Each structure stands twice: as structure tokens, then as C-alpha cells.
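Participant: need coordinates for the below:
(one chain, ligands or ions: 1)
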Amino acid sequence: MTIDLYTWGTPNGRKVSIMLEEVGVAYEVHPINITQGEQHAPEFLKISPNNKIPAIVDRDNGMALMESGAILKYLAEKTGRLMPADMAARHRVSEWLMWQMGGFGPTLGQAHQYLKFNAGKAPFAEERLTKEVQRLYGVLDRRLEGRDYVADDYSIADIAIWPWVSRFEWHQADLNAFPNVKRWYVALAERPGVQRGYHVPTPQPEIPMP
Ligand SMILES: N[C@@H](CCC(=O)N[C@@H](CS)C(=O)NCC(=O)O)C(=O)O
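Facilitator: Next up, the predicted model:
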């Protein structure tokens with residue numbers, strides 16, 4: 001099994017490189033420089049019709065997939081790893097994966113736009129997003145109380161959430177105010193697969209530590 005991975009050094013991209021590293025699947029990286037507009041190239045749109053990274057092509061069957069959550073589920077199902085077979089446990093993973101895809105990631109992405117890159121331009125948006133970032137971290141912190149992972153075992157839900165938390169400085173979250181998130185974040189940062197996947201497609205400064 002070999003996967004062609006189309007990606008860039010962002011939280012959504014890192015979800016997939018971390019997953020591939022964790023499950024030990026061979027992959028070839030194709031950097032799509034989204035700061036240079038490469039996501040709009042017609043060849044890339046055939047693979048990723050929403051013109052966003054990440055996307056994959058599975059060389060076994062030629063299947064192209066966009067959307068990081070769908071890609072994580074595909075890889076989990078194909079490898080039988082990081083997504084439990086038991087129905088209730090599987091849906092618990094799915095619940096937190098959807099929480100990340102539908103709320104945590106999009107909110108933090110907006111927070112980066114307003115709080116980091118355009119500070120001072122839209123005070124209402126900054127206030128609203130700051131509150132929502134705090135609320136979402138509170139949700140995650142309560143979930144991780146007394147748990148090592150978001151669901152029962154290490155899963156694609158953790159892999160989906162962790163790269164977004166690694167941008168905590170960008171969305172101005174103080175991990176010391178969320179001790180359960182901090183413990184989980186630091187523990188996952190020690191995993192070799194997380195470390196290797198973090199530096200795809202190009203080596204980055206070290207993983208930020210609270
Ligand atoms: N829901 C999508 C979001 C993907 C996404 O927002 N990708 C960003 C980078 S993190 C991107 O490619 N942006 C380029 C653009 O919007 O033109 C997923 O989870 O895969």
C-alpha cells in the first residue's frame with residue numbers, strides 16, 4: 001500500500017502525515033504550496049475539488065480523497081488501526097472527530113485570521129472568537145479529565161485534534177489554564193510518529209511547548 005499525499009505544513013495537513021507515520025504506511029509527499037496558489041492548479045482540483053489540502057490518492061485502487069476527516073477514516077478502515085471495531089467505541093471516536101471537523105478546527109482557523117493576522121480590524125470577531133476558543137478548550141479539558149485520550153484508546157480523534165492544539169500560540173490559548181489538555185498534548189508530542197508527521201512536507205522549528 002502506497003499513498004500519494006498532497007499537503008502543506010498546516011494542522012489539517014499534519015493530521016494525515018501523522019496518521020500515515022503512526023500506522024506505518026508508505027507514502028510519497030507532494031507539497032502543495034498554498035501560499036503560492038498551487039491549490040488552484042487544474043491537476044490538483046481533479047484530486048481535491050474544494051482546492052484545499054490535504055488530499056490523498058491510494059495507489060492500490062486509484063481512489064482520490066479530500067477532507068482530512070474522511071482521509072483519516074479511510075486510512076483507519078483500510079489499515080484496521082486507530083479506529084475501534086466495536087460499534088459504540090467507533091462512534092465515540094467519530095463523535096470527537098466530528099467535533100474537531102465541525103467546530104474546533106474551523107473556529108481556531110478563524111481565530112488565527114482575526115487574532116493573529118488581522119488584529120485590531122474586527123473587534124467583535126476577536127471578542128467572539130476569543131470566547132469560543134476558551135469555551136472549546138474547556139470542553140476538551142473536561143473530556144480529558146482522568147483520560148489519556150479523547151476516546152477510549154489513542155485514535156484518529158486525537159490525531160485530528162492535536163495538530164490544531166499545536167497552534168495554541170496563534171489562537172492565544174494558555175495551555176496552563178487547561179491542565180488536562182496540556183498533559184495530553186505533551187504526551188502525544190513525545191510520540192515518534194507525531195514528531196515525524198509534524199515535519200511534513202518540510203522540517204519546521206520544534207513542536208511548540210507550553
Ligand atoms: N475541511 C478541510 C479543510 C482543509 C483546509 O482548510 N485546508 C487549508 C489549509 S489548512 C487550505 O488548503 N487552504 C487553502 C485555501 O483555502 O485556498 C479538511 O479538513 O481537510
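Participant: just the buried positions in the longest helix seen in the chain, please.
Facilitator: Across the chain, the helix with the greatest residue count (assigned by DSSP state H) is helix 123-143. With burial defined by 16 or more other Cβ atoms under 10 Å, the residues of helix 123-143 counted as buried are 126, 129-130, 132-134, 136-137, 140-141, 143. Just so you know, the C-beta spots here come from the backbone N, C-alpha and C atoms, and that holds for glycine as well.
Participant: format the residues you listed as JSON lines; extra columns: pLDDT and distance to the ligand.
Facilitator: Listed next are the buried residues of helix 123-143 as JSON lines, based on pLDDT from 0 to 100; distance: Cβ to the nearest ligand atom, whole Å:
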{"residue": "126", "pLDDT": "98", "distance to the ligand": "21"}
{"residue": "129", "pLDDT": "98", "distance to the ligand": "16"}
{"residue": "130", "pLDDT": "98", "distance to the ligand": "21"}
{"residue": "132", "pLDDT": "98", "distance to the ligand": "18"}
{"residue": "133", "pLDDT": "98", "distance to the ligand": "17"}
{"residue": "134", "pLDDT": "98", "distance to the ligand": "22"}
{"residue": "136", "pLDDT": "98", "distance to the ligand": "16"}
{"residue": "137", "pLDDT": "99", "distance to the ligand": "20"}
{"residue": "140", "pLDDT": "99", "distance to the ligand": "18"}
{"residue": "141", "pLDDT": "99", "distance to the ligand": "23"}
{"residue": "143", "pLDDT": "98", "distance to the ligand": "20"}
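Participant: distance-wise, check the closest residue to residue 69 other than its chain neighbours relative to the ligand.
Facilitator: Distances taken as Cβ to Cβ, 6 or more residues apart in numbering put residue 101 closest to residue 69, at 4.3 Å, once the chain neighbours are dropped. Taking Cβ to the nearest ligand atom, to the nearest Å as the measure, residue 101 falls 6 Å from the ligand.
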